[in-house]
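Chemist: let's see this in three dimensions:
(2 chains)
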Protein chains: 2
Amino acid sequence: MPKVGICLSGCGVNDGSEIHESVITLLALDRAGAEILFMAPNIAQTKVVNHLTGELMNESRNVLVESARIARGKISDLANVSARDIDALIFPGGFGAALNLCDFGLKGADCDINPEVERLIKEMITARKPVGVICIAPAMLSRALKDLNLKPELTVGNDPGTAGQMDRLGTVHVECPVQEFVVDERYKIVSTPAYMLAGRVSEAAEGIEKLVQKVLALI
Amino acid sequence: MPKVGICLSGCGVNDGSEIHESVITLLALDRAGAEILFMAPNIAQTKVVNHLTGELMNESRNVLVESARIARGKISDLANVSARDIDALIFPGGFGAALNLCDFGLKGADCDINPEVERLIKEMITARKPVGVICIAPAMLSRALKDLNLKPELTVGNDPGTAGQMDRLGTVHVECPVQEFVVDERYKIVSTPAYMLAGRVSEAAEGIEKLVQKVLALI
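Modeler: Numbering: from 1, shown residues only, chains lettered A, B, ... in the order given. Okay, the predicted model is just below:
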């Protein structure tokens, strides 16, 4: 039974993990018989957004604590997880991947990345264990791999602004429809656009389910 | 294209809607071609729980605002929704259904219910439009229908304590395995145990997907 990590970034599309993408990933992994290890960094969220109005809320929330809502409490501090603990790792999207795991959403290609996120991704790539990235998470992965000069092929769908910033980070952006995925077999990296393109949840689900199958096949 | 309401009670199993159940319901409806109308009451949560530790948090959150995380912002105040607006209505579980929509989780059969929730449920039953209830939500439905003396058949799985309180509210509790559902064809009420029994998400999903198909078939 493969053990697959799901790295969350909060709980909600505008300031954390995209909830639909996270649950669809979880369900596809569970149906495939995988054991799941949820994880998230134990840090404050960059911001808290009222998802009804879109306005900023004047409060502070913790990424690990809010991610625990999606994980039903069974979640590890990312700092305590290494590539030895898992056979593959998947990052759902949501703006939290570009606000809390890194700050690509604020600074584009000039962004910084959480050091524990960068460490774990580099461990996975070095160990030749597959990594899946959904929605905006490929931008975060581009930043994590920037120093390694790998030129990985990744997709965020077809948004030229985001793709251009990823190219500046050394990634080769590949256009991809929402129901499909892009795989870079050299590094075992799989990506799918999900809500970067999806107009409805079933479109995102189709691409994510294919991504999960591909990630498992690469183990 | 049928239009189906999903009534949420927050965002997280311990103080709001169970997130997996909510997304699985949404995805099954979308894949069946239904149009979805999310709704939630515009009230304060009864409590806010740290889902990492299980401890109470000393803060206040709003049910509609937090539910909007699951709905990606497209959600209506329940007070503005009537049975005329939808062809069917589904309540995911999570402790929010027994804390925020009613307070069965605190008072059992002596609980009160949110008046807008009670109104909409009674409108649906009177209009002979199907209602689906997942996990602990059947307890809330029992309270909503208490005055009508209908003796509806409902399930929360096999928990004798919860079932006994529901029986006190005039419901006939029916035991049901997690992968199945119970239907009361007289009132077009469908229920499934989900995380009242599920050990893993795929078990909950199987029952919820069958519930969604049955609810749609009853329209």
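Chemist: pull up the residues of chain A that are close to chain B.
Modeler: A:11-14, A:19-20, A:23-24, A:26-27, A:30-31, A:50-54, A:59, A:64-66, A:68-73, A:75, A:200-202, A:205 (CB under 8 Å from any CB of the partner chain). No exception for glycine: its C-beta is placed from N, CA and C like everyone else's.
Chemist: show the buried residues in those.
Modeler: Neighbour counting over the residues of chain A next to chain B (16 or more other CB atoms under 10 Å in any protein chain shown) leaves A:11-14, A:19-20, A:23-24, A:26-27, A:30, A:50-52, A:64-66, A:68-73, A:75, A:201-202, A:205 as the buried ones.
Chemist: and the longest helix along chain A, what does it pack against?
Modeler: As far as residue count goes, and with DSSP state H defining each element, the longest helix of chain A is helix A:201-217. Using 3 or more CB pairs under 8 Å, 6 or more residues apart in numbering or on different chains; DSSP states H and E as the contact criterion, the elements in contact with helix A:201-217 are helix A:19-31, strand A:88-91, strand A:131-134, strand A:189-192, helix B:19-31.
Chemist: mind giving me the packing neighbours of the fourth one?
Modeler: The one in question is strand A:189-192. In this structure, strand A:189-192 packs against strand A:131-134, helix A:137-144, strand A:153-154, strand A:182-184, helix A:201-217, with contacts taken as 3+ CB pairs under 8 Å, 6+ apart.
Chemist: including mean pLDDT, could the ones you listed go into CSV?
Modeler: Conversion of the helices and strands packed on strand A:189-192 to CSV gives the following (pLDDT from 0 to 100):
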stretch, mean pLDDT
strand A:131-134, 98
helix A:137-144, 98
strand A:153-154, 98
strand A:182-184, 98
helix A:201-217, 98
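Chemist: can you redo the ones you listed as TSV with distance to residue A:99?
Modeler: Below are the helices and strands packed on strand A:189-192 laid out as TSV (distance: least, CB to CB, whole Å):
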stretch	distance to residue A:99
strand A:131-134	16
helix A:137-144	10
strand A:153-154	19
strand A:182-184	24
helix A:201-217	20
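Chemist: of all the ones you listed, which one comes closest to residue B:152?
Modeler: helix A:201-217 (30.4 Å; CB to CB).
Chemist: quick check, distance from the closest one to the centre of its chain.
Modeler: What separates the centre of helix A:201-217 from the centre of its chain is 13 Å, taken as CA atoms, centre = their mean, to the nearest Å.
Chemist: do stretch A:79-96 as well
Modeler: Its chain's C-alpha centre and that of stretch A:79-96 lie 8 Å apart, by CA atoms, centre = their mean.
Chemist: tell me the buried residues in it?
Modeler: Residues A:79, A:81, A:83, A:86-96 are the ones in stretch A:79-96 that count as buried (16+ other CB under 10 Å).
Chemist: now, the most widely separated pair of those?
Modeler: For the buried residues of stretch A:79-96, with distances taken as CB to CB, the pair at the greatest spread is A:87 and A:95 (28.1 Å).
Chemist: I'd like to know how many residues surround the closest residue to residue A:171 other than its chain neighbours.
Modeler: Sequence neighbours aside, residue A:142 is the residue nearest to residue A:171 in space, at 4.1 Å (criterion: CB to CB, 6 or more residues apart in numbering or on different chains). As a burial measure, the neighbour count of residue A:142 was computed by other CB atoms under 10 Å in any protein chain shown and equals 29.
Chemist: right, and residue A:142 touches residue A:154 too?
Modeler: Yes. Using CB atoms under 8 Å, residue A:142 is in contact with residue A:154, at 6.5 Å.
Chemist: residues shared between the contacts of these two?
Modeler: When contacts are counted by CB atoms under 8 Å, 6 or more residues apart in numbering or on different chains, residue A:142 and residue A:154 are jointly contacted by A:166, A:171.
Chemist: give me the neighbour count for residue A:118.
Modeler: The local packing of residue A:118 (other CB under 10 Å) involves 19 other residues.
Chemist: what are the buried residues along the helix or strand where it lies?
Modeler: For residue A:118, the host element (DSSP states H and E) is helix A:115-126. Under the neighbour-count criterion of 16+ other CB under 10 Å, helix A:115-126 has A:116-121, A:123-125 buried.
Chemist: what packs against it?
Modeler: Using 3+ CB pairs under 8 Å, 6+ apart as the contact criterion, the neighbours of helix A:115-126 among helices and strands are strand A:88-91, strand A:131-134, helix A:137-144.
Chemist: for residue A:167, which non-adjacent residue is closest in space?
Modeler: Distances taken as CB to CB, 6+ apart put residue A:173 closest to residue A:167, at 5.7 Å, once the chain neighbours are dropped.
Chemist: OK, contacts around that neighbour?
Modeler: Listed by CB under 8 Å, 6+ apart, the contact set of residue A:173 reads A:153-156, A:163-164, A:166-167.
Chemist: repeat that for residue A:133.
Modeler: The contact partners of residue A:133, taken as CB under 8 Å, 6+ apart, are A:90-91, A:140-141, A:154, A:189-191.
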